[in-house]
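# sequence and computational prediction follow.
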Amino acid sequence: MLKKIRKKIKSSFFYELIKNYFGEYKKSYSESFGEDLFVDYFFQQKKKGFYVDIGCNLPKSRSLTYLLYKRGWKGVKVDISPRSIKLNKLIRSKDINLNISVGKNESMIDAYIFYDNCSMNTVDKKFKEYTKKSVNKEPTVLRLEQLSLNTILKNHEINKIDYLNIDVEGNEENVLDGFAIKKYSPELVSIEIHSEKCPPTNNKIYKFFTSNGYKLSSIYGWTYFFVKFNNKKVHFDY
């Protein structure tokens, strides 16, 4: 009984609000491989900048942009979880926080929410089945507006991005199909690529970046970092 009560408390909005608002200081907030430390290092000379975080999840926990926000940066954050965006609006109010999906086709779509702030919530039907097996739970299906990244940036009069993070559980290619990367020209991009080969030179996502003037800079787990080809901040070469 106590275990169930504890689990219910930890899944509540109030608990997440307190945890994120008054959470202890951490050197890294990404809670996986320290990806946010690489991002912070990459932009260490840039006091203020602009990020776009697609699939942002929580304001601090598991965030690759919170360290930048602490330094005075701001940006656009998007997530399909209503609670995630509600928390972000309260804790990171300087950002533009949007509860929508991002993809090439602009329409109303089904979003599969397994539980609040689940890092594996998705709009991709194939990934939905993978998550369902992983968490042993049926998702709640929400009808959600989907816009292209180009439309989002145009609507908010954004002409330049310094850092772009895409973490959308199987929907990455769809996001990139609606993004004019040469127009917005982010200095650094992070995106998940699930491939047995490293580097995944035949992967469509990998090819998207290399064909648009980017090269692989670093890898943290499944997260791949790409930089403009003329950028010298590269951890390795091949």
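On my side now, so go ahead.
# not counting sequence-adjacent ones, nearest residue to Leu176?
Spatial nearest neighbour of Leu176, chain neighbours left out: Phe208 (5.4 Å); criterion: CB to CB, 6 or more residues apart in numbering. C-betas here are computed from N, CA, C, even on glycine.
# any regions of the chain where pLDDT drops low?
The model of the chain has pLDDT under 70 over residues 1-11, 14-15, 17-26, 31, 232-238.
# what about 50?
The model of the chain has pLDDT under 50 over residues 236, 238.
# the helices in it, which residues?
For the chain, the helices defined by DSSP state H occupy 2-10, 13-21, 35-42, 66-70, 82-91, 125-135, 149-155, 172-177, 181-184, 204-210.
# make a markdown table out of those and add distance to Leu58.
Formatted as a markdown table, these follow (distance: least, CB to CB, whole Å):
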| stretch | distance to Leu58 |
| --- | --- |
| helix 2-10 | 13 |
| helix 13-21 | 6 |
| helix 35-42 | 13 |
| helix 66-70 | 9 |
| helix 82-91 | 6 |
| helix 125-135 | 17 |
| helix 149-155 | 20 |
| helix 172-177 | 20 |
| helix 181-184 | 25 |
| helix 204-210 | 24 |
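# can you add mean neighbour count and give those back as a markdown table?
Formatted as a markdown table, the helices of the chain follow (neighbours: other CB atoms under 10 Å):
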| stretch | mean neighbour count |
| --- | --- |
| helix 2-10 | 9 |
| helix 13-21 | 14 |
| helix 35-42 | 20 |
| helix 66-70 | 21 |
| helix 82-91 | 20 |
| helix 125-135 | 14 |
| helix 149-155 | 17 |
| helix 172-177 | 19 |
| helix 181-184 | 14 |
| helix 204-210 | 17 |
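# can you name the residues that contact the residue nearest to Asp167 when sequence neighbours are not counted?
Once flanking residues are discounted, Asp167 sits nearest to Gly55: 3.9 Å by CB to CB, 6+ apart. Neighbouring residues of Gly55 by CB atoms under 8 Å, 6 or more residues apart in numbering: Val78, Asp79, Ile80, Asn165, Ile166, Asp167, Val168, Glu169.
# kindly recompute the last result at 10 Å.
77-81, 84, 101-102, 119, 121-122, 165-169, 171-172, 175, 191-192 (CB atoms under 10 Å, 6 or more residues apart in numbering).
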